[in-house]
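1. predicted model and sequence below, questions to follow.
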Amino acid sequence: MTSSLQIENARLISLMHDGSSLGLQPSDWRKPLERATPDPAVGIRHEQISGNANYRLHVAAIPQQVGCHYHANGDEDYAVVEGTGVLFFGPVVNGTVVPDTWKSIAVRVGDSFVIPEGYAHQLRKIGAADLTIVFGCPDSHLSDDSDRYLLPDAPRMVGGLSADQNQIDLNFLNEHSS
């Protein structure tokens with residue numbers, strides 16, 4: 001099942017509950033997750049799984065949230081493999097998110113999505129367990145000296161979804177259950 005949001009003058013962002021995990025099995029990402037090292041700039045632990053500098057798959061544990069950021073060059077592929085959270089995103093113009101364009105989507109195990117270049121994005125976990133994701137991107141997306149631009153956090157509440165209150169739109173999750 002696919003849920004899509006259309007943003008003015010932008011590409012379509014689709015949330016798919018397809019269980020794809022970017023083609024990885026749990027055995028492909030569990031060992032790298034054990035070796036994951038902190039990335040203090042964005043508040044996660046991550047480790048590479050496979051690929052090369054042009055496109056590499058990683059696994060990441062999100063203990064609270066990913067620092068809000070965007071990339072000017074290239075999309076990022078994501079799949080949620082453990083936990084539940086909220087994805088906040090919005091188009092960036094001249095280094096800031098366009099006012100009143102922040103959107104949010106509840107995400108859970110089995111969901112996948114693509115963040116287009118030029119979009120701010122931030123994942124926040126819901127609940128006690130880490131939110132664990134696999135993601136694919138060029139190596140340049142992992143460096144603040146290359147193509148990762150940090151931004152202030154997304155608003156605490158967007159479209160009725162708030163990770164701060166450990167609340168999630170349960171109707172959304174029920175509608176998208178397999």
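-> Cool, the structure landed. Keep in mind that this is a model prediction, so the values were computed, not measured.

2. hmm, Phe88 is touching Val107, no?
-> No: Phe88 is beyond contact range of Val107, at 10.6 Å (criterion: C-beta atoms under 8 Å). (Each C-beta comes from the backbone N, C-alpha and C, glycine too.)

3. any residues in contact with both of these two?
-> Here Phe88 and Val107 share the contacting residues Leu123, scored by C-beta atoms under 8 Å, 6 or more residues apart in numbering.

4. what sits against the nearest residue to Thr96 once chain neighbours are set aside?
-> The shortest distance from Thr96 to any non-neighbouring residue, by C-beta to C-beta, 6 or more residues apart in numbering, is to Leu151 (7.2 Å). With contact taken as C-beta under 8 Å, 6+ apart, Leu151 is in contact with Cys68, His69, Tyr70, Val92, Thr96, Val97, Ala120.

5. what bridges to the second one?
-> I take that to be His69. His121, Leu150 (DSSP bridges).

6. residue contacts, it?
-> Residues in contact with His69 (C-beta under 8 Å, 6+ apart) are Val42, Ala120, His121, Gln122, Arg148, Tyr149, Leu150, Leu151.

7. okay, now the third one: neighbour count?
-> Yep, that's His121 we're talking about. Counted by other C-beta atoms under 10 Å, the residues lying close to His121 total 22.
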